[in-house]
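Trainee: Kindly generate the corresponding structure for this input.
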Amino acid sequence: MAAADSSSATLQRRDLCSRGIRLAGKMRSDVVDLLDTYAEQQGLDASASVAAVEGVPAAAVERWDEQTGTQRLLENLAAYRAFRVLLAQMLEEQQEQLGEADAALSRALAAVLLQVSAFAYHLEELLRLESRGPPSEEGARPPQPSHLGLFERKLRGLGVLRELAQWAVRSARDLRQLTKPSLGSSSAPSLAESP
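Mentor: Purely as a prediction, here's the structure:
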């Protein structure tokens, strides 16, 4: 019976990871499209240099291969929770700035925000599967930007979208890593084990 439960959990984890990889790929594609539209609508050069966005963990990580599955999921979840707040702020600013003048950009931002929320939920499901519920969202909010001017808000938005695109790539990579069989075994590694 325990072997059947283990096999069922392994299949469920692989299914969740596989769906997550597809979600991350779709999200990245949509974010790249949005990034181009956003830069054009905001009158920005898409290749403009942008400082790191406060409150968002960088997608690049040293010693990525040494992280456990749980560490990967927790970092992804923290990032997507932060992106959810940042994108909501961007959407609000966009609506205040342009009103209904650019409904297409607002719709695209809202669609990506929905994808980010769905992906965060997906990560929470993976953590629950491992009998490790997701951490509380208290204190997980990125700091409110302090009195940024219009241009600084535009650059911040560009930075948020760029980092989100990078996170989508990292998330797919992390989920692929979680589906790999552990060395010397034919079963998928536990999320708590080091891959």
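Trainee: show me where pLDDT drops low in this protein?
Mentor: Along the chain, the model assigns pLDDT under 70 to residues 1-6, 98-101, 132-133, 137-146, 182-195.
Trainee: And the residue nearest the centre of the protein?
Mentor: Centroid check for the chain by CA atoms, centre = their mean gives Y80 as the closest residue, at 3.9 Å.
Trainee: Would you confirm that that residue contacts V116?
Mentor: Yes: assessed by CB atoms under 8 Å, Y80 is found in contact with V116 at 5.5 Å. To be clear about C-beta, it is placed using only N, CA and C from the backbone, and glycine gets the same treatment.
Trainee: if we can go back for a sec, quick one: the residue nearest to the centre of the chain from T10, how far?
Mentor: Separation of Y80 from T10 (CB to CB, to the nearest Å) stands at 24 Å.
Trainee: Could you do R84 as well?
Mentor: Taking CB to CB, one finds R84 at 30 Å from T10.
Trainee: Equivalent analysis for L91, please.
Mentor: L91 is 39 Å from T10, by CB to CB.
Trainee: Equivalent analysis for D65, please.
Mentor: 22 Å.
Trainee: Measure how buried L44 is and give me the count.
Mentor: 16 (other CB atoms under 10 Å).
Trainee: could you pull out the helices for the chain?
Mentor: Assigned helices in the chain, in chain order: 2-42, 69-98, 103-129, 150-179 (criterion: DSSP state H).
Trainee: elements contacting the last one?
Mentor: Here helix 150-179 touches helix 2-42, helix 69-98, helix 103-129, going by 3 or more CB pairs under 8 Å, 6 or more residues apart in numbering; DSSP states H and E.
Trainee: coming back round to it: please give me every residue in contact with the residue nearest to the centre of the chain.
Mentor: By CB atoms under 8 Å, 6 or more residues apart in numbering, the contact list for Y80 reads V116, F119, A120, L123, W167.
Trainee: Among these, which one has the most neighbours?
Mentor: The most crowded member of these, judged by other CB under 10 Å, is W167 (27 neighbours).
Trainee: ok, that residue touching A78?
Mentor: No: judged on CB under 8 Å, W167 makes no contact with A78 at a distance of 10.5 Å.
Trainee: sorry, back to before: so between D65 and T10, which is more surrounded?
Mentor: T10 (17 against 8).
Trainee: G55: neighbour count?
Mentor: By other CB under 10 Å, 17 other residues sit near G55.
Trainee: can you start the count at 45 instead of 1 from here on
Mentor: Okay, using 45 as the starting number, the last item reads as G99.
Trainee: Against A164, how distant is M134?
Mentor: Taking CB to CB, one finds M134 at 17 Å from A164.
Trainee: where's A83 relative to L192, distance?
Mentor: Taking CB to CB, one finds A83 at 18 Å from L192.
Trainee: which ones are touching K70?
Mentor: Q159.
Trainee: hmm, 10 Å instead?
Mentor: By CB atoms under 10 Å, 6 or more residues apart in numbering, the contact list for K70 reads Q159, F163, A212.
Trainee: of all those residues, which comes closest to S62?
Mentor: F163 (13.8 Å; CB to CB).
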